[in-house]
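*Asks:* I would like to see how this sequence folds:
(one chain, ligands or ions: 1)
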Amino acid sequence: MSLAFVRPVPASFADCVTARPPHPPLDPQRARLQHDAYRAALAVGGFDVVEVPVAPDHPDSPFVEDTAVVLGERALATRPGHPSRRGEVEAVAAALADHLDVVRMEAPATLDGGDVLKVGDAVFVGLSSRTNAAGIEVLSDLCGGVTAVPVERVLHLKSAVTAVDEETVLLHRPSLDAAAFEGLRVLDAPGEDPEAANVVRLPDGRLLVAEHHAASADLLTAHGHRVVTVDVSEFARADGGLTCLSVRVRGGSGLVRHSP
Ligand code: CIR
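*Replies:* Below you'll find the model as predicted:
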């Protein structure tokens with residue numbers, strides 16, 4: 001069994017933290033419809049979808065990935081880099097605790113799950129505006145070593161690189177130093193938007209790709225991947241991508257031993 005934890009879009013979604021104010025303002029209703037389609041795509045792709053209760057006071061709470069990192073049988077409840085997001089963590093940790101052992105990150109460490117990329121057995125972590133050196137140290141201690149990657153041109157590491165299989169990444173080369181991924185196969189995400197590199201691996205073997213990144217879908221298809229697309233454009237306007245909208249626990253590794 002593979003699980004995907006998601007969190008509904010609150011009415012306050014228009015107040016999300018964004019690098020630039022979106023015009024027109026973010027539309028919670030449009031985001032809700034897109035979120036429903038995203039959840040459906042996860043379910044069709046083989047995830048059992050678990051809903052964390054809505055957080056009316058946390059506009060960014062649908063970007064649940066930033067609040068937790070799954071590491072084998074454990075989950076690290078993070079301390080997000082943006083102070084306004086720290087109140088999102090506890091409810092996600094509680095939901096995860098039904099399935100995994102949860103450990104909590106303490107101050108002064110900060111880390112956003114969007115900065116953590118697992119490829120096969122390797123763990124990469126972005127040193128970013130949201131994730132500090134102390135956060136990286138906590139993660140490294142938990143998983144027996146990580147590769148730190150400076151993130152200066154995008155919000156999170158996974159804003160510009162994600163895994164497409166156990167040995168291949170889709171990387172937006174202008175946004176990150178490709179040297180960090182030496183030894184892995186690298187596919188170049190096309191175009192100017194770093195988020196063209198943000199895809200989700202589904203348990204059925206397909207890749208979930210944002211509808212507005214058709215060139216990525218074409219590239220992956222040309223490399224023999226099976227692709228399914230979903231419209232997440234309203235979340236992109238809030239600086240989030242596909243991975244941000246779920247915390248995924250892949251089956252086959254005894255991860256869900258607390259499940260009823
Ligand atoms: C934020 O700035 O925190 C949210 N508006 C977007 C978070 C996106 N999360 C992610 O890339 N993992």
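*Asks:* which SS state does V54 fall under?
*Replies:* Classification of V54 using DSSP: H, G, I helix; E, B strand; the rest coil returns coil.
*Asks:* Need the per-residue pLDDT for the residue of the chain found nearest the ligand.
*Replies:* Per C-beta to the nearest ligand atom, the residue of the chain with the smallest distance to the ligand is G114, at 2.4 Å. C-beta coordinates here come from the backbone N, C-alpha and C atoms, glycine included. If you check G114, the pLDDT there is 98.
*Asks:* pretty sure it is touching V161, no?
*Replies:* No: between G114 and V161 there is no contact under C-beta atoms under 8 Å: 11.1 Å.
*Asks:* and the protein, which of its residues are near the ligand?
*Replies:* Within the chain, the positions lying close to the ligand (C-beta under 6 Å from any ligand atom) are 16-18, 60, 63, 65-66, 82, 85, 114, 155-156, 159, 238-241, 244.
*Asks:* picking that back up, state whether the residue of the chain closest to the ligand is indeed within a helix.
*Replies:* Yes: checked against three-state DSSP, G114 lies within a helix.
*Asks:* picking that back up, looking at the residues of the chain next to the ligand, which are in helices?
*Replies:* Among those, no member is found in helices (DSSP state H).
*Asks:* filter those to the buried ones?
*Replies:* Among those, those classed as buried by 16 or more other C-beta atoms under 10 Å are 16, 60, 63, 65-66, 85, 114, 155-156, 159, 238-241, 244.
*Asks:* Which residue is the nearest non-sequential neighbour of the residue of the chain closest to the ligand?
*Replies:* Spatial nearest neighbour of G114, excluding adjacent residues (C-beta to C-beta, 6 or more residues apart in numbering): H156 at 3.3 Å.
*Asks:* What separation do you get for the one you found and A197?
*Replies:* 11 Å (C-beta to C-beta, to the nearest Å).
*Asks:* One more: L245?
*Replies:* 16 Å.
*Asks:* got it, and D60?
*Replies:* When D60 is compared with A197 (using C-beta to C-beta), they lie 21 Å apart.
*Asks:* Do a quick rundown of the helices in the stretch 1-150 of the chain.
*Replies:* 28-44, 89-96, 133-143 (DSSP state H, counting those that start in this stretch).
*Asks:* What about G183, how many residues nearby?
*Replies:* Using other C-beta atoms under 10 Å, G183 is surrounded by 9 other residues.
*Asks:* how close does it sit to E166?
*Replies:* Distance of G183 to E166, computed by C-beta to C-beta: 12 Å.
*Asks:* and what of A14?
*Replies:* A14 sits 39 Å away from E166, going by C-beta to C-beta.
*Asks:* And the two? Which one has more around it.
*Replies:* Neighbour comparison, A14 and E166: the larger count goes to A14, with 15 against 12 (by other C-beta under 10 Å).
*Asks:* gap between that one and R86?
*Replies:* Distance from A14 to R86, counting by C-beta to C-beta: 20 Å.
*Asks:* Please name the nearest non-neighbouring residue to M105.
*Replies:* Computed as C-beta to C-beta, 6+ apart, the closest residue to M105 that is not its neighbour in sequence is R79, at 4.4 Å.
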